[in-house]
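# missing the sequence, but the structure's below:
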């Protein structure tokens, strides 16, 4: 299987994703549509078996800032999180993002 990419483009959807994290781990990927590294990582994340919630930073900077505030991690892009019970249990940016590690977190 491969990843299903879902856009987060409203605060209501962001709230839903954090609520879902109390039932199962969720992935959030902060994507820059003007960054080659981000495009490469999005391609790599396609191998993850599960849902990946995407915030396009250029289109939704307030949402990106809200993620930084909720997780306690300074904004970067690209940046990936696994959220469980409303808290970041995994966070990485740029080429430190590891799709295999993300897969392990969401399989738990």
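Perfect, thanks for sending it. Keep in mind that this is a model prediction, so the values were computed, not measured. Residues are numbered from 1 along each chain as shown.
# where do the helices sit along the protein?
11-20, 36-45, 61-71, 99-107 (DSSP state H).
# which regions of this structure sit below the pLDDT cut-off?
1 (pLDDT under 70).
# Closest to the centroid, which residue in it?
Residue closest to the mean C-alpha point of the chain, counted by CA atoms, centre = their mean, is residue 28 at 1.6 Å.
# these two touch, right, that one and residue 8?
Yes - assessed by CB atoms under 8 Å, residue 28 is found in contact with residue 8 at 7.1 Å. No exception for glycine: its C-beta is placed from N, CA and C like everyone else's.
# okay, and the common contacts of these two?
17, 53-55 (CB atoms under 8 Å, 6 or more residues apart in numbering).
# Dig out what the nearest residue to residue 90 once chain neighbours are set aside forms beta bridges with.
Nearest non-adjacent residue to residue 90, counting by CB to CB, 6 or more residues apart in numbering: residue 82, 3.9 Å away. Beta bridges link residue 82 to residue 27, residue 90, judged by DSSP bridges.
# related to what we said a few turns ago, among the helices of the chain, which is nearest residue 4?
helix 36-45 (10.9 Å; CB to CB).
# sorry, back to before: mind checking how far the residue nearest to the centre of the chain is from residue 11?
14 Å (CB to CB, to the nearest Å).
# now swap in residue 32 and tell me
Counting by CB to CB, the gap from residue 32 to residue 11 is 20 Å.
# cool, and residue 99?
Distance from residue 99 to residue 11, by CB to CB: 27 Å.
# Of these two, which one has the most company?
When residue 99 and residue 11 are compared for neighbours, residue 99 comes out ahead with 18 against 12, by other CB atoms under 10 Å.
# Now that that one has come up, it's in contact with residue 45, right?
Yes - counting by CB under 8 Å, residue 99 does reach residue 45; the two are 5.4 Å apart.
# quick revisit: now do the contacts for the residue nearest to the centre of the chain.
Shown in contact with residue 28 (CB under 8 Å, 6+ apart): 8, 17, 52-55, 67, 80-81, 83.
# can you redo those as TSV with neighbour count and distance to residue 104?
Shown next, in TSV, are the contacts of residue 28 (neighbours: other CB atoms under 10 Å; distance: CB to CB, whole Å):
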residue	neighbour count	distance to residue 104
8	23	23
17	18	20
52	21	15
53	22	18
54	20	20
55	24	23
67	25	22
80	27	13
81	27	14
83	25	15
